[in-house]
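Peer 1: the amino acid sequence is not available; the structure is as follows:
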Ligand code: FAD
Ligand code: SF4
Ligand code: SF4
């Protein structure tokens, strides 16, 4: 075994090749290529097989990373996939879009002197190879159970839960208000980070596994929570968070100031071949425009990088802190800069200017002041520092909050926190309503795909336990009668 491993001293870290920026700008295809078998084997062989693997501890799914790296280094990729998929319902998706620098790779012990093992790219390689070779099969449960579960939301939390529950043989129904399954994997995250057929083959497999998708079905419009509770033995709420955080500055009501998700959904729909009137009439198309995106998270990065691909005249990202203090991943900022995005650090919007449509963003310079309760320095405006940026499309990417679910679902009894996230008991993952569970962003607030998968898996385990106890109680009652 040692022959295939511990090569971090002799083999340098190498990422899969990245397309040149001028090529990337011509389409919405992914930026990184795939490892070839030799490259994957070599990179996996850099792992030192730590006794206490910090990569595994810092992966939200607790992936058995050293095991699948070893199997890949030994050329046993099918077995590597079996190990990888035993803890992760979408390894090739997490391999593409997890912020590895903050999770597994950022905690790899060889990171300090030798650059980490490229864990995410190897995970992507394992998953893609499994699909290419037909190793990913529909689920065939050992036995069918009569109990049915309704899942509201076909994002990563709902999909992971559905897969785990179907493995137990439950009848699983997923309800989603969109016309395609995948949640933000389909309509939020752009194709240059995650191509849509990668998501489609996962949701297609779930359909082939006997899971029923009810698309274009908005809970709160087509049915209330009560009706679904009557229909199913258990329910899982996995609706994500979608209400955009607003900005209270003069001129914010001018036209051509749009929310990030409206902008990204239009672009993703266009890429999927849909007719998108607001894109066709130019409202949500950045072509030829001076675009200003406000915000510094990953959503803002996705917006600026979408705008450059649409052929914007100029694209600026305005963020109130500096590069070192922005929430977006450093890798995405670098990609955006290579693609021609200009970052205006330490700047905050003061007003939008224009008569009817936005024509400019007036901003002031900021400086980082005293730390707040969390230790983060608070940005404060520098007096007399105003400047104006040309703008004929402004995109607000300031984060998301939950919708008012109790009102939307016609279920005022559903308990939520003061931020609107659904309250669950963290051991049972059940809400205050018997048999109603919740998982993903709607519990955590806006987070990451890998955490949604983890929550979906945990919720599936909790639902299985709940239904097993219900079934046992039912059987005991009939035996006693
Ligand atoms: P979602 O993915 O939001 O899915 C919820 C589903 O519920 C949706 O399909 C929605 O249509 C459906 N739904 C909502 N309300 C109803 C209703 N009333 N009736 C029926 N259906 C309903 N994370 C990463 O790890 N890496 C990234 O690179 C990354 N990039 C991102 C980029 C953008 C632009 C955004 C917005 C987020 C990004 N994230 C990223 C975060 C990640 O996408 C989310 O944390 C994750 O998708 C949450 O999963 P979820 O299943 O909880 O919710
Ligand atoms: Fe790393 Fe994400 Fe894969 Fe975990 S799921 S090993 S954090 S890329
Ligand atoms: Fe291998 Fe790095 Fe994980 Fe250690 S921390 S097991 S070297 S990937």
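Peer 2: Okay, I see it. Keep in mind that this is a model prediction, so the values were computed, not measured. Numbering: from 1, shown residues only. Ligands and ions are numbered 1, 2, ... in the order given.
Peer 1: what about residue 244, how many neighbours?
Peer 2: For residue 244, the count of nearby residues is 18 (other CB atoms under 10 Å). (Glycine included, C-beta is placed from N, CA and C.)
Peer 1: likewise for residue 410?
Peer 2: Residue 410: 14 neighbours (other CB under 10 Å).
Peer 1: for residue 1, give me the pLDDT.
Peer 2: We have a pLDDT of 48 for residue 1.
Peer 1: and for residue 101?
Peer 2: We have a pLDDT of 88 for residue 101.
Peer 1: how much space between it and residue 188?
Peer 2: Distance, residue 101 to residue 188, using CB to CB, to the nearest Å: 21 Å.
Peer 1: more neighbours, these two?
Peer 2: Set residue 101 next to residue 188 and count neighbours by other CB under 10 Å: residue 188 wins out with 22 against 15.
Peer 1: could you say which helix or strand holds the residue nearest to the more buried one when sequence neighbours are not counted?
Peer 2: The shortest distance from residue 188 to any non-neighbouring residue, by CB to CB, 6 or more residues apart in numbering, is to residue 264 (5.8 Å). For residue 264, the host element (DSSP states H and E) is helix 260-271.
Peer 1: quick check, that helix touching ligand 1?
Peer 2: Yes: applying CB under 6 Å from any ligand atom, one finds helix 260-271 touching ligand 1 at residue 264.
Peer 1: ok, and what's touching the very next helix or strand once past that helix?
Peer 2: For helix 260-271, the following helix or strand on the C-terminal side (DSSP H and E) is helix 277-280. Helix 277-280 is contacted by residues 262, 266, 267, 269, 270, 284, 285 when judged by CB atoms under 8 Å, 6 or more residues apart in numbering.
Peer 1: which of those residues sits closest to residue 54?
Peer 2: Nearest to residue 54 among the contacts of helix 277-280 is residue 267, at 37.5 Å by CB to CB.
Peer 1: so what's that closest one up against?
Peer 2: Taking CB under 8 Å, 6+ apart, we find residue 267 in contact with 28, 190, 279, 284, 306, 310.
Peer 1: what about those, which are in helices?
Peer 2: 279, 306 (DSSP state H).
Peer 1: now the two most distant members of the contacts of residue 267.
Peer 2: For the contacts of residue 267, with distances taken as CB to CB, the pair at the greatest spread is 28 and 284 (14.9 Å).
Peer 1: of the two, who's got more company?
Peer 2: residue 284 (23 against 19).
Peer 1: quick one: that one and residue 264 touch, right?
Peer 2: No: applying CB atoms under 8 Å, one finds residue 284 not in contact with residue 264, separated by 9.5 Å.
Peer 1: which residues are common contacts for these two?
Peer 2: If you check residue 284 and residue 264 against CB under 8 Å, 6+ apart, no residue is contacted by both.
Peer 1: can you list the residues of this protein near ligand 2?
Peer 2: Counting by CB under 6 Å from any ligand atom, the positions of the chain adjacent to ligand 2 are 59, 61, 63, 65, 88, 94-95, 98, 100, 103-104, 119-120, 123, 450.
Peer 1: switch to 8 Å and redo it
Peer 2: 55-56, 58-61, 63, 65, 88, 91, 94-95, 98, 100, 103-105, 119-120, 123, 450, 453 (CB under 8 Å from any ligand atom).
Peer 1: which of these are close to ligand 1?
Peer 2: Counting by CB under 8 Å from any ligand atom, 94, 98, 450 from the residues of the chain next to ligand 2 sit close to ligand 1.
Peer 1: so of those, which ones are in helices?
Peer 2: Short answer: these in helices (DSSP H) are 94, 450.
Peer 1: tell me which of the ones next to ligand 1 among the residues of the chain next to ligand 2 has the lowest pLDDT.
Peer 2: Least confident of these in the model: residue 98, at 95.
Peer 1: which residues does that one contact?
Peer 2: 104, 120, 448, 449, 450.
Peer 1: for ligand 3, see how far away it is.
Peer 2: Distance of residue 98 to ligand 3, given as CB to the nearest ligand atom, to the nearest Å: 14 Å.
Peer 1: state the next helix or strand along the chain beyond the helix or strand of the chain with the lowest mean pLDDT.
Peer 2: Counting by mean pLDDT, DSSP states H and E, the chain has its least confident helix or strand at helix 111-114, which shows a mean of 67. The element immediately downstream of helix 111-114 (helix or strand, assigned by DSSP H and E) is helix 119-132.
Peer 1: what's the first helix or strand after that next one?
Peer 2: Assigned by DSSP H and E, the successor of helix 119-132 is strand 148-152.
Peer 1: picking that back up, so the residue nearest to residue 188 makes contact with residue 186?
Peer 2: No: Residue 264 is beyond contact range of residue 186, at 10.8 Å (criterion: CB under 8 Å).
Peer 1: find the nearest non-adjacent residue to residue 350, please.
Peer 2: residue 362 (4.7 Å).
Peer 1: quick one: classify that neighbour as helix, strand or coil.
Peer 2: Using DSSP: H, G, I helix; E, B strand; the rest coil, the structure places residue 362 in strand.
Peer 1: against ligand 3, how distant is it?
Peer 2: With distances taken as CB to the nearest ligand atom, residue 362 is found 48 Å from ligand 3.
Peer 1: what bridges to that residue?
Peer 2: residue 351, residue 388 (DSSP bridges).
Peer 1: check it and give its pLDDT.
Peer 2: 97.
Peer 1: count the neighbours of it for me.
Peer 2: Residue 362 has 17 neighbouring residues, counting by other CB under 10 Å.
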